[in-house]
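Student: just the structure for this:
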Amino acid sequence: QVHLVESGGGLVQAGGSLRLSCAGSGRSFSSAAVGWFRQALGNQRQFVGSINWSGDGTFYPDTLKGRFTVSRDNAKNMVYLQMNALEPEDTAIYYCAAGERPSTFQSRYEYWGQGTQVTVSS
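Tutor: Sure, this is the predicted structure:
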C-alpha cells in the first residue's frame, strides 16, 4: 500500500516557477515509479512527466520537455516536479501517482494523491 500527498501548488504569475512535492508513505514507495499528471477544468487528465524508482530515468511529453523536471529523493520518500517558465495554460490540478513501472498511461498507476491546484495568472 502506498499513500501519496501532493503539496506546493498555488498562484504564480506567468513566467514564474513552482516546485511541487509528492510525499510517499509505505514500504514500496522507494521502489515505485512515479508519474505526474494534470487536469485542467473541462479537460482530460494529461501526463506531464515520470521517473523510475532509482531516479535515473525520466520521461516527458515533447510539449513540456525543457520546462518541467521530475526528481526524487528516496531517502526522504519524496518526488518533485519543478516547473519553470509557467504559462496560463499550465493552470490545472496536478497529481502524482505511483506504479510498478513508469508510464504515460494513467491506468498503469495504482496509487494516486489527492492533487494540488496550480494557477498561473497572465
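Student: from Arg72, how far out is Gln13?
Tutor: 28 Å (Cβ to Cβ, to the nearest Å). Bear in mind the C-beta positions are built from the backbone N, C-alpha and C, glycine included.
Student: those two: which has the busier surroundings?
Tutor: Legend: neighbour count by other Cβ atoms under 10 Å for Gln13 and Arg72, higher for Arg72 (24 against 10).
Student: for the more buried one, give me its contacts.
Tutor: Contacts for Arg72 (Cβ atoms under 8 Å, 6 or more residues apart in numbering) come out as 34, 51, 55, 78-80.
Student: so for it, what's the pLDDT?
Tutor: We have a pLDDT of 97 for Arg72.
Student: so Val79 makes contact with Val70?
Tutor: Yes. Counting by Cβ atoms under 8 Å, Val70 is a contact partner of Val79 at 6.8 Å.
Student: mutual contacts of those two, please.
Tutor: Joint contacts of Val79 and Val70 (Cβ under 8 Å, 6+ apart) are 34, 51.
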